[in-house]
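S.K.: next input, structure requested:
(2 chains)
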Amino acid sequence: MAGRTIVVTSGKGGVGKTTTIANLGTALAKKGFSVVMIDADIGLRNLDVVMGLENRIVYNLVDIVEGKCRIEQAMIRDRKLKKLHIIPAAQTREKDAVQPEQMKALCQQLAEQNDFVLIDCPAGIERGFKNAVAGAQQALVVTTPEVSAIRDADRVIGLLEANLLKDIHLVINRLNVKMVKQGDMMSTADIVSLLSVPLIGVVPESEDVVVSTNRGVPLVHERGSRAGAAFQKIAARLNGESVPFDDDQDGGFLSRVKRIFGG
Amino acid sequence: MLKAIQRFFRDRNSAQTARQRLGVVLMHDRLDISPDLLEALKNDIIEVLSRYMEIDQNSIRVDFEEGKDYTALVSNVQVKRVYRNVAAT
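M.R.: Numbering: from 1, shown residues only, chains lettered A, B, ... in the order given. Next comes the predicted model:
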């Protein structure tokens, strides 16, 4: 049975796409699934450092596409999990080194051998975005509770729909519950109603994320991290498990969202 | 202490402001209405109205307004006088 291909995108940079993909991939692999994460951000690769695999790169995505190596040669195995691999982006190439059709073919091939293929999309809506989206069946749109991030997320959702990619879910990252309660940050319910896309998870703002990125070990390995737990829940929901949205994450607003989407 | 007082008097609910501003911005983004298009719409409205009445062409304003569950096009035009005997075609 073929696996699923999911692109993680956002429009705006710096909202936590790479962190999200690293944690979701790791969480899914911990559940026993075979997962490949593709860094499609050619020229600005980062998934390798977030995963702590920067020293193991020999071949990259562009090498595969150009036939300089086999797919397996560019797949780097995770340090802890046997069934987790990344395909790094090329760092010294241009975004047009890859064509959307080539990405599509690669994703299809990987999906035949794996349960999940996760694609880390570059910021922006140009060539790199089109490449990253080409091979995906599903999309996760990451946003933070800020006006600029939400606006860009809305643009991306429109473009995904125009590309006939209609299976879209929203990840709200870096929510600060205290600020929401003070009325100084938009709540989950606000964001969901503005974007009208079903929610798959809310990740609280956390210093743990910086620490885990410093170390190159995804948060989901850490016990007791709230952000890590939030990513684990998203991974479970991706797997079709029904995980309740807790009220405490969002000062009670989530229960309303839950009612809207029947989650 | 001073900080606490300042915080108390500050406009507290910036989230509400953000939500309202975003609502308007997203609507414009989604409708994809460029300033050119809005100008063309404005000129057409002027043209149609001018057949029936004399209007102050500089006073016309066209805006989008978003309510809770609707989007409205609101246009304000100053009417100078309505022509009599306009053929009802």
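S.K.: could you use CA atoms for every contact and neighbour count after this?
M.R.: Noted.
S.K.: for residue B:72, helix, strand, or coil?
M.R.: Here residue B:72 is recorded as strand under DSSP: H, G, I helix; E, B strand; the rest coil.
S.K.: hang on, I meant residue A:142
M.R.: Taking three-state DSSP as the rule, one finds residue A:142 in the strand state.
S.K.: how about the strands in the chain?
M.R.: Reading this off chain A. With DSSP state E, the ranges of strands along chain A come out as A:4-9, A:35-39, A:76-77, A:84-87, A:116-120, A:138-143, A:168-175, A:199-204.
S.K.: that's the other chain; I wanted chain B
M.R.: Under DSSP E, chain B gives strands at B:53-55, B:61-66, B:71-76, B:79-82.
S.K.: which residues pair with residue A:118 across the strands?
M.R.: Assessed by DSSP bridges, residue A:118 has beta-bridge partners residue A:6, residue A:37.
S.K.: let me fix that, I meant to ask about residue A:202.
M.R.: For residue A:202, the beta-bridge partners are residue A:172 (DSSP bridges).
S.K.: and the strands of chain A as CSV, adding mean pLDDT and mean neighbour count?
M.R.: Converted to CSV, these look like this (pLDDT from 0 to 100; neighbours: other CA atoms under 10 Å in any protein chain shown):
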stretch, mean pLDDT, mean neighbour count
strand A:4-9, 98, 26
strand A:35-39, 98, 27
strand A:76-77, 97, 20
strand A:84-87, 98, 26
strand A:116-120, 98, 28
strand A:138-143, 98, 24
strand A:168-175, 98, 23
strand A:199-204, 97, 23
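S.K.: right, so the strands of chain B: which one is the most enclosed?
M.R.: With neighbours taken as mean count of other CA atoms under 10 Å in any protein chain shown, these reach their highest mean count in strand B:53-55, at a mean of 17.
S.K.: who are the contact partners of the closest residue to residue A:206 other than its chain neighbours?
M.R.: Sequence neighbours aside, residue A:227 is the residue nearest to residue A:206 in space, at 6.4 Å (criterion: CA to CA, 6 or more residues apart in numbering or on different chains). If a contact means CA atoms under 8 Å, 6 or more residues apart in numbering or on different chains, then residue A:227 has A:203-206, A:208-209, A:219 as its contacts.
S.K.: make it 10 Å
M.R.: Under the criterion of CA atoms under 10 Å, 6 or more residues apart in numbering or on different chains, the contact partners of residue A:227 comprise A:23, A:173-175, A:202-209, A:219-220, A:233.
S.K.: now do residue B:83
M.R.: For residue B:83, the contact set (CA under 10 Å, 6+ apart) comprises B:50-54.
S.K.: which members of the residues you listed are the farthest-apart pair?
M.R.: Based on CA to CA, the longest span within the contacts of residue B:83 runs between B:51 and B:54 and measures 8.0 Å.
S.K.: mutual contacts of these two, please.
M.R.: Counting by CA under 10 Å, 6+ apart, the common neighbours of residue B:51 and residue B:54 are B:82-83.
S.K.: run a quick neighbour tally on the one residue in the stretch 1-150 of chain A that gets nearest to chain B.
M.R.: At 6.4 Å from chain B, residue A:147 is the closest residue in the stretch 1-150 of chain A, using CA to the nearest CA. Counted by other CA atoms under 10 Å in any protein chain shown, the residues lying close to residue A:147 total 20.
S.K.: okay, residue A:111 and residue A:175: tell me how far apart.
M.R.: In this structure, residue A:111 and residue A:175 are 33 Å apart, going by CA to CA, to the nearest Å.
S.K.: err, residue B:80, not the other one
M.R.: In this view, residue B:80 and residue A:175 are 54 Å apart by CA to CA.
S.K.: hmm, residue A:60 and residue A:39 touching each other?
M.R.: Yes: taking CA atoms under 10 Å as the definition, residue A:39 is a contact partner of residue A:60 at 9.2 Å.
S.K.: what residues does the stretch 151-263 of chain A have near chain B?
M.R.: Proximity of the stretch 151-263 of chain A to chain B (CA under 10 Å from any CA of the partner chain) is limited to residues A:151-152, A:154-155, A:158, A:179-187, A:190-191, A:193-195.
S.K.: try 6 Å
M.R.: Within the stretch 151-263 of chain A, the positions near chain B by CA under 6 Å from any CA of the partner chain are A:183-186.
S.K.: output those residues as TSV; include the columns pLDDT.
M.R.: Written out in TSV, the entries for these read as follows (pLDDT from 0 to 100):
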residue	pLDDT
A:183	94
A:184	94
A:185	96
A:186	96
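S.K.: tell me which parts of chain B are close to chain A?
M.R.: Counting by CA under 6 Å from any CA, the residues of chain B that sit close to chain A are B:13-15.
S.K.: switch the cut-off to 8 Å
M.R.: Proximity of chain B to chain A is confined to B:12-16, B:18-19, B:22-23, B:25-26, B:29-30 under the rule CA under 8 Å from any CA of the partner chain.
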